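Undergrad: sharing a model that was predicted from the sequence below.
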Amino acid sequence: ARAFRHPVIVRFAHEMNGNWYPWAAGANRDRARQYVEVWRSLRALFDREGAGTVEWVWRPNVEYDGSAPMQDLYPGGDAVDWVALDGYNCGNAPGRTWQSFSQVFGPSLATLGSIAPNKPVMIAETGCATAGGNKAAWIRSALFAEIPLDFPEVRAVVWFNANKEQR
């Protein structure tokens with residue numbers, strides 16, 4: 001990374017507030033403290049090695065019933081360059097209901113704002129189901145109304161365009 005001399009964005013151990021990855025706070029009896037220690041150690045290693053073009057993106061999943069508290073997993077402003085969220089409108093999938101962008105992200109963006117009020121914000125992974133509503137209208141509303149009017153702190157959006165939940 002030091003030799004590359006161009007910006008590099010690293011998203012280390014994302015969605016750590018869930019339980020579906022081995023590094024997550026809810027998996028393998030990992031604790032939030034351990035996650036924070038590993039993040040800070042890795043960031044310090046990159047800094048010691050002179051990898052100054054690396055920008056570190058801390059990106060939990062949007063909050064849900066049973067998720068680990070984001071504030072317990074935040075490595076601190078000195079170790080994070082961007083804060084980000086992953087979240088989806090899953091449409092009318094079993095156990096789900098159609099949600100607007102604001103319903104998916106609003107509460108968690110408020111939490112991020114209280115944890116890291118001066119960091120740039122990214123929606124690092126999002127998508128919208130086709131069943132249960134109008135996907136095109138959802139995208140238009142998110143990009144042209146909700147984000148610019150209600151969430152101006154969001155400076156980047158990454159669309160996840162894969163139908164990975166097929167059976």
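TA: Now that the structure is in, tell me what you want to look at.

Undergrad: what about E146, how many neighbours?
TA: 20 (other C-beta atoms under 10 Å). Quick note: C-beta positions are derived from backbone N, CA and C, even for glycine.

Undergrad: residue contacts, it?
TA: S100, F101, S102 (C-beta atoms under 8 Å, 6 or more residues apart in numbering).

Undergrad: check the protein for its longest helix and report it.
TA: helix 32-48 (DSSP state H).

Undergrad: give the contact list for the spatially most central residue of the chain.
TA: The structure's the chain has its C-alpha centroid closest to L85; by C-alpha atoms, centre = their mean the separation is 2.2 Å. Neighbouring residues of L85 by C-beta under 8 Å, 6+ apart: R59, P60, N61, V62, F105, S108, L109, L112, V121, M122, I123, A124.

Undergrad: go ahead and confirm the fourth one touches S102.
TA: No: in this structure V62 lies outside contact range of S102 using C-beta atoms under 8 Å: 11.6 Å.

Undergrad: with neighbour numbers in mind, choose between these two.
TA: With neighbours defined as other C-beta under 10 Å, V62 and S102 compare such that V62 has more, 24 against 17.

Undergrad: not counting its neighbours along the chain, what's nearest that one?
TA: G87 (3.6 Å; C-beta to C-beta, 6 or more residues apart in numbering).

Undergrad: burial count for that neighbour?
TA: So G87, with other C-beta under 10 Å, has 24 neighbours.

Undergrad: following element in sequence after the helix or strand containing it, please.
TA: Under the criterion of DSSP states H and E, G87 resides in strand 82-89. The helix or strand immediately downstream of strand 82-89 is helix 101-115, counting by DSSP H and E.
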